[in-house]
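Engineer: I would like to see how this sequence folds:
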Amino acid sequence: SRWASVLVIAVAVGTASFTRSVTEGFDLILNITAGVGTVCLARWLWWRTNAASEIAAMVVAVPLTLLAPLAAAAAGVPPGSKLFSLLFVVAGSAAIWIPATLLTPAEDGERLRAFYLRVRPPPWGWRPVSRAVGGDARPWGAALGAWLAGTAGIYALLFGIGGLTLGKGWAYVGLVAAGALILAVLVGRIRKDPEG
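Structural biologist: Residues are numbered from 1 along each chain as shown. As a prediction, this is how the structure comes out:
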């Protein structure tokens, strides 16, 4: 792990030396993590997702990110299309990690059952585990609403604090207040009923 840390630092320094702006660096990170992001989301929605899924997505994300400009040129897409690059990496990594998932063993049944009972994910992607456990699934509409509210609260805090830090005015105080209120309500709800 120490040598891996040294390698990561060396790659970061090398990448930074070729990056022309912070925006370009952000786009690079966004593309690389987009390929892995679908796996992270799939872990909550599909019982079959396993460690091989994540490893496959991580391994192909960087090469796909580097190939995206060539693919855009071949497809006749205007150079520098961020949307095309993002979709290329997401689709390309999915084309690798989904078969890798299906060709490797599922996670241990006991671990899947424990996860299901603790999280109670949406039933449609967890049907085999749901049947084995016999527990009720959490209504996924409520979970989706809580996720959207939490995301809105976090973004409101991020943009609000960022605006205040840059001295952009008092309107950003409202964003901070709204974000804090949303998250306080969600945390209160979780403390009141951790299971629901």
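
Engineer: residue ranges for the helices of the protein, please.
Structural biologist: Listed in chain order, the helices found in the chain under DSSP state H are 2-18, 22-45, 51-75, 82-103, 109-119, 127-133, 140-165, 171-192.

Engineer: Turn these into a markdown table, including mean pLDDT and mean neighbour count.
Structural biologist: (Each C-beta comes from the backbone N, C-alpha and C, glycine too.) Compiled in a markdown table, those are given as follows (pLDDT from 0 to 100; neighbours: other C-beta atoms under 10 Å):
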| stretch | mean pLDDT | mean neighbour count |
| --- | --- | --- |
| helix 2-18 | 77 | 9 |
| helix 22-45 | 83 | 16 |
| helix 51-75 | 91 | 17 |
| helix 82-103 | 93 | 18 |
| helix 109-119 | 88 | 13 |
| helix 127-133 | 86 | 15 |
| helix 140-165 | 89 | 14 |
| helix 171-192 | 90 | 14 |
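
Engineer: Give the closest residue to the residue nearest in space to the middle of the chain in space, chain neighbours not counted.
Structural biologist: Nearest to the mean C-alpha position of the chain, by C-alpha atoms, centre = their mean, lies residue 37 at 3.5 Å. Counting by C-beta to C-beta, 6 or more residues apart in numbering, residue 90 is the residue found nearest to residue 37 once chain neighbours are left out, at 7.8 Å.

Engineer: doesn't residue 38 make contact with that neighbour?
Structural biologist: Yes: Residue 90 lies in contact with residue 38 (C-beta atoms under 8 Å); the separation is 5.9 Å.

Engineer: any idea what sits nearest residue 61, other than its immediate chain neighbours?
Structural biologist: Leaving aside its sequence neighbours, residue 61 sits nearest to residue 35 (C-beta to C-beta, 6+ apart; 3.6 Å).

Engineer: and the closest residue to residue 180 other than its chain neighbours, what does it touch?
Structural biologist: By the measure of C-beta to C-beta, 6+ apart, the closest residue to residue 180 outside its immediate chain neighbours is residue 157, 6.7 Å from it. Applying C-beta atoms under 8 Å, 6 or more residues apart in numbering to residue 157 gives the contacts 175-176, 179-180, 183.
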